[in-house]
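[1] Here's my sequence, what's the structure:
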Amino acid sequence: MAVGFVALDRRINRDTEALHDFLWHGEKKDEKSLIRSLRNDARAADAFLQLGGRLRTNVDELAEDLQSSGKGESLFELLSHSWGLGAATVLYSKRNYRGAADRSKSVISSASIGVCANAGCFEFVEEWEAGKTDFETYTGKLADFLEPKGFMDSGQFKRVMNAVYEFAMNWNAVASKSEQTARTSIEGAGWCLLTSVSIRELLGAPPWFSARDFAGIVERIIGRM
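    Here you go, the predicted structure:
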């Protein structure tokens, strides 16, 4: 590849963090320059992960105006979640299982925040991020909130998120390599990402990218292992 993983990972993390700060912290950015960087990131990530154009096409459609209602947020989710999951598979292939577990934890944490923001229970996120509750309590509150709204798999969503999160947080550095393998954690993270989109569709607040394309992206990424 023209761009190596480490350099691409650093670049995408920098640009998605810049997008995050632009959208949610009001930081002044050159929007046109940021859009150009994000589009370049999507093209490079699409080629690196062999996603058949799905990531590139959806990012290009979302990146016309970052401040359009919902589109900037969806661009952040699409690019950061797709790349985060893909990075986990790369680290897995390099036998960096702890790194893979950490990236899996990061994407499911971010996806859960997106669900809360669109479900109308962002106070759960604020409590967790402020250290007033732990992750298990946070996901339990989210599951209890979702079930009466018709999402019958809320308990499963909670359990898989907790498993992915705790696997990374309670890392056993003295375990054998076979015990440390993060494959199940990565697969769980992929399931959580797809389920978070399904939940938002059920709530009438779907992301702006194609759910079908995103499912194809996740399937291809998981297939890399």
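
[2] Tell me the buried residues in the helix or strand bottoming out on mean pLDDT in the chain?
    Ranked by mean pLDDT, DSSP states H and E, the weakest helix or strand in the chain is helix 177-180, scoring a mean of 78. By 16 or more other C-beta atoms under 10 Å, the buried positions in helix 177-180 come out as Gln180. Glycine gets a C-beta too; all of them are placed from N, C-alpha and C.

[3] Do a quick rundown of the strands in this protein.
    Counting by DSSP state E, no segments of the chain form strands.

[4] Which residue comes closest to the residue positioned nearest the centre of the chain once chain neighbours are left out?
    The centroid of the chain falls nearest to His81 when counting by C-alpha atoms, centre = their mean (2.7 Å). With C-beta to C-beta, 6 or more residues apart in numbering as the criterion, His81 has its nearest non-adjacent residue at 5.1 Å, and that residue is Val107.

[5] ok, now which ones touch the one you found?
    Ser80, His81, Gly84, Leu85, Ala88, Ala189, Cys192, Leu193 (C-beta atoms under 8 Å, 6 or more residues apart in numbering).

[6] are any of the residues you listed buried, and which?
    Of those, these count as buried by 16+ other C-beta under 10 Å: Ser80, His81, Gly84, Leu85, Ala88, Ala189, Cys192, Leu193.

[7] Just flag the most distant two among the residues you listed.
    Ser80 and Cys192 (14.2 Å; C-beta to C-beta).

[8] residues contacting the closest residue to Leu146 other than its chain neighbours?
    Of all residues not flanking Leu146 in the chain, Ser154 sits nearest, at 4.1 Å (C-beta to C-beta, 6+ apart). For Ser154, the contact set (C-beta under 8 Å, 6+ apart) comprises Leu142, Ala143, Asp144, Leu146, Glu147.

[9] Just the buried ones among these, please.
    Leu142, Ala143, Leu146.

[10] Could you double-check that the last one sits in contact with Ser196?
    No. Judged on C-beta atoms under 8 Å, Leu146 makes no contact with Ser196 at a distance of 10.7 Å.

[11] Quickly list what's touching both of those two.
    Val115, Phe157.

[12] ok, and the closest non-adjacent residue to Phe157?
    Thr195 (5.4 Å).

[13] show me what contacts that neighbour?
    Listed by C-beta under 8 Å, 6+ apart, the contact partners of Thr195 are Asp153, Phe157, Val160.

[14] Next, count neighbours for the second one.
    The number of residues packed near Phe157 is 25, by other C-beta atoms under 10 Å.

[15] which ones are touching it?
    Phe157 neighbours (C-beta under 8 Å, 6+ apart): Thr139, Leu142, Ala143, Leu146, Phe151, Cys192, Thr195, Ser196, Ile199.

[16] can you check the last one too?
    Each residue near Val160 by C-beta under 8 Å, 6+ apart is listed here: Gly188, Trp191, Cys192, Thr195.
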